[in-house]
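In: following is a predicted model, sequence given first.
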Amino acid sequence: MGLTFTSLEFIFFLGVCLGLLHASGRLSVRTWLLIIFSYLFYLTFGVGGVLVVTFMAVVDFIVGRRLGNTISEVTRKRWLWAGLAANLGPLVFLKYSGFLVEIVAAFLHPLGVRVSLPGSPVFSIIGLSYFTFAGMSYVLDVYRETMEPARSLSEFVCYLMYFPKLVAGPIVRAADFLPQFSRGFQITAQDFEIGCGYLLVGAVKKLVIADQLASHVSVILAAPQHFSAFTLVQGMIGYTVQIYADFSGYSDMAIGCARLMGIKFPQNFLMPYSSVNIAEFWRRWHVTMSNWFRDYVFLPLEFGSRGTRNANVRASRNIIITMLLCGLWHGASWNFVLWGGLHGATLAVYQVYASLRRRKAPLPTRSAFHPGTLVSRALTLSVVMVGWIFFGTQTLAIAFEYLWRMLTLSRDGVALGSPYILPVAALMFVAHLLINKDRNLVEEVSSYSAPARVLIYASLLMTLASLVPADTVPFVYVHF
Amino acid sequence: MISPELKTVILGALKLDDWEFTDSTLAAEVPGWDSLSHVNVVLAVEKHFGVRFRNVEVLRLTNVGDLQRLVNSKLTNQK
């Protein structure tokens, strides 16, 4: 259900949208065109989401105007809380009510009190986590006076509902998006080429890498008890590559769609698997989300608790709280909470280690082939891969079974030799060694010579044409 | 312009030997200055200059120049 970026229908939808945008002269017409197209896009996922996001857009806009016009700090704070409640209320009710009831039931059960459980979210609203966070960032930025309120409701609705980012991010802030309105969705030839480049690269990552892996990996993740440790390791590696290719592929396509309208989105993935420590990983993985949690959860917690005597205790506690919430953001399940907790604990340990390091000069840039770099990358990736087991399995029991069977080198079960997982993982590994992690190849390619560009884009198209699997797999991160 | 005094405080908090700060320097550009060390830098600045920042004032900072201006305004208000 819903229009996916990798479908032919979406290409047609996007083409019509771009054509009409290009044909319209005035910014107001283009704004309303985008609103209409965004509503049409979101309606393919159901009516519920459309109602929720419309409600949030109207409330956030009103709150923003009130915050901009009010001087009294007490009143401004009330408007802030009203805005946050209007965003969080639907999110908590629609996504987490079942989980919260489950927790309450677990507490009450030993007392003999039984609570009937809905078991799952009340309604599944695709994109809810994403646009809720976008709305909250707007309210908070206006409150903090780091941006002016949106000038018109249509401008704000266009921002919140903008279809390239609506269902799975990037979590673009109004402070980054609204100033680009003044350019009126004009595009240059370079914008067009780069936009198409992002769409191509994203489609290859999603259709050729992620979807091909999914069919092999999903079987292993669903029932680890049937597989040997060697197969489970392959499954873990496969999922590690799959989730990166799936989500970064989606983000690339979102960035590409926006670029075709002259809108620049922030990068969401900066070769995270090249990270040498867990802090760097979180500066490179799902960047817009981690920045959101940094700016609106972690730093306020830090400044709010700065009276704590021991800096390491303060920071560690706030890191763990933030990462637990980050895990919960992904879904109402203990698997995600534990995943967040694992990352939080690792980050806290790293934070203490970093704070105890002696006086240092700026670290010289080491080659990716330096033994120290390789070891650091391997250690970081190991933690990340273990975390993905919690992320990719349905229950904690399955996750722990998975880990236990790997740790104990279980030999019973099927030894599945996937012809795809290890070769793809090897290719990714080599690419991460050879490519500088701070380069953006898609943007760079547009400055190459014409023959080189034709060769590269043609290769990507041919790869798509020849290696797309018969069955499509939904984007993983759309479910968060 | 970033005062030598503020520069010394920041370098000390980050345990850094030296770094060139300008008004437009971003925290992300300075080795070791990330979200994990940010509060420690701010607390060191508060302690050294004998000022106290409101949380919202700190959360508004975008670069070192903003920090310098905030320190200057607090010191001016104290006089």
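Out: The structure has been received and is ready for your questions.
In: in three-state terms, label A:F156 for me.
Out: Secondary structure state of A:F156, per DSSP: H, G, I helix; E, B strand; the rest coil, is helix.
In: I'd assumed A:R65 was in contact with it.
Out: No: the pair A:F156 / A:R65 is not scored as a contact, 9.6 Å apart, by C-beta atoms under 8 Å. Placement of C-beta: from N, CA and C, glycine included.
In: let's see whichever helix or strand A:E443 is part of as PDB, backbone CA atoms only.
Out: With elements taken from DSSP states H and E, the one containing A:E443 is helix A:441-445. What follows is helix A:441-445 as a C-alpha-only set of coordinates in PDB (Å, rounded to 0.1, in the frame of the first residue of the first chain):
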ATOM      1  CA  LEU A 441      30.500  11.100  -5.000                       C
ATOM      2  CA  VAL A 442      27.100  11.900  -6.400                       C
ATOM      3  CA  GLU A 443      27.800  15.600  -6.200                       C
ATOM      4  CA  GLU A 444      31.300  15.100  -7.400                       C
ATOM      5  CA  VAL A 445      30.400  13.200 -10.500                       C
END
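In: so for the helix or strand just after that helix, what's the average pLDDT?
Out: Reading on from helix A:441-445 to the C-terminus, the next helix or strand found by DSSP H and E is helix A:450-467. Per-residue pLDDT values across helix A:450-467 average out to 91.
In: got the residues of chain B near chain A?
Out: Within chain B, the positions adjacent to chain A are B:15-19, B:31-32, B:34-40, B:42-43, B:55-56, B:58-60, B:62 by C-beta under 8 Å from any C-beta of the partner chain.
In: how about 10 Å then?
Out: Where proximity means C-beta under 10 Å from any C-beta of the partner chain, the interface of chain B facing chain A comprises B:11-12, B:14-19, B:28, B:30-32, B:34-40, B:42-43, B:46, B:52-62.
In: got a list of contacts for stretch A:15-35?
Out: Applying C-beta atoms under 10 Å, 6 or more residues apart in numbering or on different chains, the contact partners of stretch A:15-35 are A:36-38, A:40-41, A:57, A:152, A:154-155, A:157-164, A:181-187, A:192, A:195, A:257, A:260-263.
In: so how far is it off the chain centroid?
Out: The gap between the average C-alpha position of stretch A:15-35 and the chain average comes to 28 Å, counting by C-alpha atoms, centre = their mean, to the nearest Å.
In: what residues sit buried inside that stretch?
Out: A:C17, A:L18, A:L21, A:S24, A:R30, A:T31, A:L33, A:L34, A:I35 (16 or more other C-beta atoms under 10 Å in any protein chain shown).
In: host element of the second one?
Out: Of the helices and strands defined by DSSP H and E, A:L18 is found in helix A:8-23.
In: how far away from the center of its chain is that helix?
Out: 25 Å.
In: next one: stretch A:308-315
Out: 30 Å.
In: what about that stretch, near chain B?
Out: Yes: contact of stretch A:308-315 with chain B is found when judged by C-beta under 10 Å from any C-beta, involving A:T308, A:A311, A:N312, A:R314, A:A315.
In: and for stretch A:326-341?
Out: No: under the criterion of C-beta under 10 Å from any C-beta, stretch A:326-341 makes no contact with chain B; the nearest approach is 13.0 Å.
In: picking that back up, between the residues of stretch A:308-315 next to chain B, which sits nearest A:L128?
Out: Using C-beta to C-beta, the shortest approach to A:L128 within the residues of stretch A:308-315 next to chain B belongs to A:A315, at 30.6 Å.
In: quick check: which ranges of the stretch 51-200 of chain A have low pLDDT?
Out: Within the stretch 51-200 of chain A, the stretches falling below the threshold (pLDDT under 70) are A:114-123.
In: would you reformat the buried residues of stretch A:15-35 as a markdown table and include distance to A:N69 and pLDDT?
Out: Compiled in a markdown table, these are given as follows (distance: C-beta to C-beta, whole Å; pLDDT from 0 to 100):
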| residue | distance to A:N69 | pLDDT |
| --- | --- | --- |
| A:C17 | 35 | 95 |
| A:L18 | 37 | 94 |
| A:L21 | 33 | 91 |
| A:S24 | 32 | 87 |
| A:R30 | 28 | 92 |
| A:T31 | 23 | 93 |
| A:L33 | 30 | 94 |
| A:L34 | 27 | 95 |
| A:I35 | 25 | 96 |
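In: what is the neighbour count of residue 67?
Out: Using chain A. Using other C-beta atoms under 10 Å in any protein chain shown, the number of residues around A:L67 comes to 23.
In: that was the other one, I meant chain B.
Out: Residues near B:L67, counting by other C-beta under 10 Å, number 24.
In: again with A:H432
Out: Burial of A:H432, expressed as a neighbour count using other C-beta under 10 Å, amounts to 17.
In: in terms of helices and strands, where is it?
Out: Using DSSP H and E, A:H432 sits within helix A:421-434.
In: show me what that helix is packed up against.
Out: Of the remaining helices and strands, those touching helix A:421-434 by 3 or more C-beta pairs under 10 Å, 6 or more residues apart in numbering or on different chains; DSSP states H and E are helix A:211-222, helix A:229-259, helix A:371-392.
In: tell me the most buried of the ones you listed?
Out: When neighbours are counted by mean count of other C-beta atoms under 10 Å in any protein chain shown, the highest per-stretch mean among the helices and strands packed on helix A:421-434 falls to helix A:229-259, a mean of 24.
In: kindly reformat the helices and strands packed on helix A:421-434 as TSV containing mean pLDDT.
Out: Putting the helices and strands packed on helix A:421-434 into TSV (pLDDT from 0 to 100) gives the following:
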stretch	mean pLDDT
helix A:211-222	91
helix A:229-259	95
helix A:371-392	93
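In: which one of those lies closest to chain B?
Out: Across those, chain B has its closest neighbour in helix A:371-392 (15.5 Å, C-beta to the nearest C-beta).
In: leaving out the residues flanking it, which one is nearest to B:A27?
Out: If the residues on either side of it in the chain are set aside, B:A27 comes closest to B:W33, at 4.4 Å by C-beta to C-beta, 6 or more residues apart in numbering or on different chains.
In: does the one you found touch B:T25 like I think?
Out: Yes: with the criterion set as C-beta atoms under 10 Å, B:W33 and B:T25 qualify as a contacting pair; they are 9.4 Å apart.
In: no further queries at this time; thank you.
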